[in-house]
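Asker: please find the sequence and the predicted model below.
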Number of protein chains: 2
Amino acid sequence: MDINASMTDWSLGAAYVDGQVSPIKDAKIPMTDWGYRRSDVTYDVVGVYYGAFFRLDDHIRRFRASMDKLRLSPEESNEDIVRILTGLVQRTGLREAYVAMDCLRGKPLPGLPYHPAYGRAYLACFAIPWVWLFTEEQQARGVHALIAKTPRIPDASVDPTVKNFHWGDLTRASFEAHDAGFDTAVLLDHEGFLTEGPGFNVFAVIDGTVVSPPRGALEGITRLSVKELCAELGIPHDIRPVSRDDLEQADEVFFSTTAGGIMPVSRLGSRILGNDRPGPLSARLRETFWAKRREGWHATPITYGTAA
Amino acid sequence: MDINASMTDWSLGAAYVDGQVSPIKDAKIPMTDWGYRRSDVTYDVVGVYYGAFFRLDDHIRRFRASMDKLRLSPEESNEDIVRILTGLVQRTGLREAYVAMDCLRGKPLPGLPYHPAYGRAYLACFAIPWVWLFTEEQQARGVHALIAKTPRIPDASVDPTVKNFHWGDLTRASFEAHDAGFDTAVLLDHEGFLTEGPGFNVFAVIDGTVVSPPRGALEGITRLSVKELCAELGIPHDIRPVSRDDLEQADEVFFSTTAGGIMPVSRLGSRILGNDRPGPLSARLRETFWAKRREGWHATPITYGTAA
């Protein structure tokens, strides 16, 4: 904790680590914690925009499902988590925030077997100023993405529906993209089918249908929103495997992520999509997404000015 | 840092995090660090026994190679790392210690692109009392290991020769083993060939030859020691793929790890090896290993009583 808390600029972020609230700069994880040392941790991220959480209940539900799958049982209930996250955002006063919740396995405990079954799981959460995964310029011109050589970790080894920090493949792909002058990368699985990218789901528009893969990827909350928007706008939508060829021949490609919503792609490897600009369907989905967000779609408004 | 450092029991462990020395309990990693949040980190562990490091240079060399492969360039040189680790062990006074060195990617920095290429990598190291991966009882009776259903993360996705914290598959396999009453698990790759287990390399003794796999596993320093011991004792040794059948039909199975040396296995799934006791060749290697350690094999002695 900061010695002189009154000097702390909470607008930079606030954190809750195992029951203790602190400014973000003091939010730290023990070096010996399995959550770090074995990446034995799951997390979720919910966005705050226009002073409201987006799909908060969906994020909490997915976070709890992830914890259950890893057999992590922190002491906090779902209602506690909502209170904690709300309190952190209130404290920062941020109307646009990136709000993370992690559940870590804990440290090996003296006198107990050295096995994760004997860890004491706990929560670590924070709220920081909103993060755009891609800059406004990148969004306006369309994201430039490389199809990475690095294959995604298979589902059988690490379940991608449990949101996790096993980013070795995603990070390696990010370096491939960076070296080749791209903004980011999309990854295929070991059989050559589309999975996801570093921090986002991927969609291909094929013969007028918006398609995203059934496996190898997080079941994104923004991805779910895309499905709902398609239904509302009368755009055909399908969940099915997308081969490399499908992807390279797609009319449009776009990404979805909590950290930015819907992100059109204008270049995919050596291919220039459309007119080197966001495709019409991607742009329409993006505009509709933000218009509905402004109107309070799936919103949980935050009351500011009441935090301690 | 502890407010009253004179009360600190350094024998519990000492740490060095990005230039700062502290008792182990105060050694922490920022929650927003990519080293935690993306598991964008590599590490190594060197053992201290009989008051000396074992194969210190080999560990430092491997650690540097891992950092280079991930493009992590902390400010410390190899000589600095040796000084830091030695100083930590001296401070604790431990003659048997588990000494870890991590290199983390660092946090996203303001004003720079949100990409790991722009991280400021740094070191975090600690020395704590020696950890046996398996208890003395488990070692004496032989380890009981399950062949896990969970397949190891493939080399193409995450390079296992870069020591890493992507333990999701290993942790899941550990739970499989725990649920079935085993001490630990060994993992096969997606084609059914032997890889490694949570924290150790695996060897099968097949027709008198000590065999370990060429892929899918860390290039263990203790594994290298096994190769040297085999040469010295005139035991045939080979690096080649080991199928599930090979493994299940092996005369003996044993593990190697910094956290315990050579660990014979007496049960592998439903199979009871030998007489439900460590096999003769495994036992001989283990005894020779510790006898040579006592005699100063590959040792870098530590001078105690000179730390500040």
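Answerer: Perfect, thanks for sending it.
Asker: just checking: what are the partner strands of the helix or strand harbouring A:Ala100?
Answerer: A:Ala100 belongs to strand A:97-104 when assigned by DSSP states H and E. Paired neighbours of strand A:97-104 in the sheet (DSSP bridges): strand A:41-49 (antiparallel), strand A:122-129 (antiparallel).
Asker: which residues touch the nearest residue to A:Gly51 once chain neighbours are set aside?
Answerer: Nearest non-adjacent residue to A:Gly51, counting by CB to CB, 6 or more residues apart in numbering or on different chains: A:Arg95, 4.3 Å away. All C-beta spots, glycine's among them, are computed from the backbone N, C-alpha and C. By CB atoms under 8 Å, 6 or more residues apart in numbering or on different chains, the contact set of A:Arg95 is A:48-51, A:304.
Asker: which of the residues you listed sit farthest apart?
Answerer: Maximum pairwise distance in those, criterion CB to CB, is 14.0 Å, between A:Tyr49 and A:Tyr304.
Asker: which residues in chain A form helices?
Answerer: Ranges of helices within chain A are A:34-37, A:56-69, A:78-92, A:136-141, A:168-179, A:221-233, A:244-249, A:280-294, based on DSSP state H.
Asker: just the CA atoms of the shortest one, as PDB, please.
Answerer: I take that to be helix A:34-37. The C-alpha trace of helix A:34-37 is given here as PDB (Å, rounded to 0.1, in the frame of the first residue of the first chain):
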ATOM      1  CA  TRP A  34       1.200 -21.300  -8.600                       C
ATOM      2  CA  GLY A  35      -1.000 -18.700 -10.300                       C
ATOM      3  CA  TYR A  36       2.200 -17.100 -11.600                       C
ATOM      4  CA  ARG A  37       4.700 -20.000 -11.300                       C
END
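Asker: where does the stretch 1-150 of chain A have low pLDDT?
Answerer: A:1-7 (pLDDT under 70).
Asker: which residue does it have closest to chain B?
Answerer: Nearest to chain B in the stretch 1-150 of chain A, going by CB to the nearest CB, is A:Lys28, at a distance of 3.5 Å.
Asker: is stretch A:156-167 in proximity to chain B?
Answerer: Yes. Stretch A:156-167 reaches chain B (CB under 8 Å from any CB of the partner chain) through A:156-159, A:164-167.
Asker: of those residues, buried ones?
Answerer: A:157-159, A:164-167 (16 or more other CB atoms under 10 Å in any protein chain shown).
Asker: I'd like the residues you listed laid out as JSON lines, including pLDDT and distance to A:Arg215.
Answerer: What follows is these, written out as JSON lines (pLDDT from 0 to 100; distance: CB to CB, whole Å):
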{"residue": "A:Ser157", "pLDDT": "97", "distance to A:Arg215": "13"}
{"residue": "A:Val158", "pLDDT": "97", "distance to A:Arg215": "13"}
{"residue": "A:Asp159", "pLDDT": "96", "distance to A:Arg215": "11"}
{"residue": "A:Asn164", "pLDDT": "97", "distance to A:Arg215": "16"}
{"residue": "A:Phe165", "pLDDT": "98", "distance to A:Arg215": "20"}
{"residue": "A:His166", "pLDDT": "98", "distance to A:Arg215": "16"}
{"residue": "A:Trp167", "pLDDT": "98", "distance to A:Arg215": "19"}
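Asker: got the residues you listed as a markdown table, with distance to B:Val131 columns?
Answerer: Shown next, in a markdown table, are those (distance: CB to CB, whole Å):
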| residue | distance to B:Val131 |
| --- | --- |
| A:Ser157 | 26 |
| A:Val158 | 25 |
| A:Asp159 | 28 |
| A:Asn164 | 25 |
| A:Phe165 | 23 |
| A:His166 | 24 |
| A:Trp167 | 27 |
